[in-house]
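S.K.: Need coordinates for the following:
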Amino acid sequence: PASPASRPVLSFDDDARLTLSGSYLIVENLEMRSGAVRIDSSSHHVAVRHFYLHDNPSGPGSFLANFGDDVVVYDCEIAYNGVIPSSSDDHGFQTLAGTRNVWVLESHIHHNSGDAIQFCHTCIGHGNGPANVYIGRNRLLAPSIAAASASIPSRLFCSAKVTSRIAFATETPIAMIAPI
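M.R.: You can find the predicted model right below:
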């Protein structure tokens, strides 16, 4: 990865979104101040790595939102987004309806006004929640990893150093891999 001093820095208005759309796409070694990133639903085989997304005072709902399939988020930091404390529920990372094969690895997600990682709360009762999600070797700090109202993906695997409570509202079996 590039050193933090040599990364290009993108600055946006608070409500701006950078949309990633494509196949076999790699986005790496960027810093983004304010704004949010969305991975489009037509996208697949996307890697976001060595990315620092920070300092957005007004939340868009989630700062890195995934609508795509076969997505890897690796060695990213998503931090200091939203106003804390507030009633706003703006998540660090969120994977949404119908997404498949999502990996969040070796990332640090902290000090966001919502959950560190949140799973498609709009999927409840619709049967199209995310599937095959792996969360490994992350450092997560938030009110909870997944909101109590979240729809837990089928086949969720989790290995994380967690500095919060974990609240899952599901009957889906969850495999917990030994904490780091």
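S.K.: quick one, what contacts the most centrally placed residue in the chain?
M.R.: Nearest to the mean C-alpha position of the chain, by Cα atoms, centre = their mean, lies Phe93 at 1.7 Å. Applying Cβ atoms under 8 Å, 6 or more residues apart in numbering to Phe93 gives the contacts 62-66, 73, 78, 104, 107, 109, 116-118. Yep, even glycine has a C-beta here, placed from its N, CA and C like the rest.
S.K.: Which members of those are positioned in strands?
M.R.: Residues of those located in strands (DSSP state E): 62-66, 73, 78, 104, 109, 117-118.
S.K.: Just the closest of those to Arg7, please.
M.R.: Ranked by distance to Arg7 (Cβ to Cβ), the ones in strands among the contacts of Phe93 are led by Ile78 at 15.0 Å.
S.K.: Around that closest one, how many other residues sit close by?
M.R.: 28 (other Cβ atoms under 10 Å).
S.K.: Distance check, it against Gly136.
M.R.: 16 Å (Cβ to Cβ, to the nearest Å).
S.K.: Check His44 too.
M.R.: In terms of Cβ to Cβ, His44 sits 21 Å off from Gly136.
S.K.: between these two, which one's more packed in?
M.R.: Taking other Cβ under 10 Å, His44 and Gly136 do not tie; His44 has more neighbours (18 against 15).
S.K.: you'd agree that one is up against Phe67?
M.R.: No - assessed by Cβ atoms under 8 Å, His44 is found out of contact with Phe67, at 10.5 Å.
S.K.: Report the contact partners of Val72.
M.R.: 46-49, 103, 105.
S.K.: can you rerun that using 7 Å?
M.R.: 47, 103, 105 (Cβ atoms under 7 Å, 6 or more residues apart in numbering).
S.K.: Likewise for Tyr52?
M.R.: 31, 77.
S.K.: All the helices of this protein, residue numbers only.
M.R.: With DSSP state H applied, the chain shows no helices anywhere along its length.
S.K.: Neighbours of Ala79, how many?
M.R.: Neighbours around Ala79, by other Cβ under 10 Å: 17.
S.K.: Show the pLDDT at it.
M.R.: Note on Ala79: pLDDT of 90.
S.K.: just the one 10 residues further on next, same as before
M.R.: At Asp89, the model reports a pLDDT of 76.
S.K.: Can you tell me the closest non-neighbouring residue to it?
M.R.: With sequence-adjacent residues excluded and distances taken as Cβ to Cβ, 6 or more residues apart in numbering, Asp89 is closest to Gly114, at 4.2 Å.
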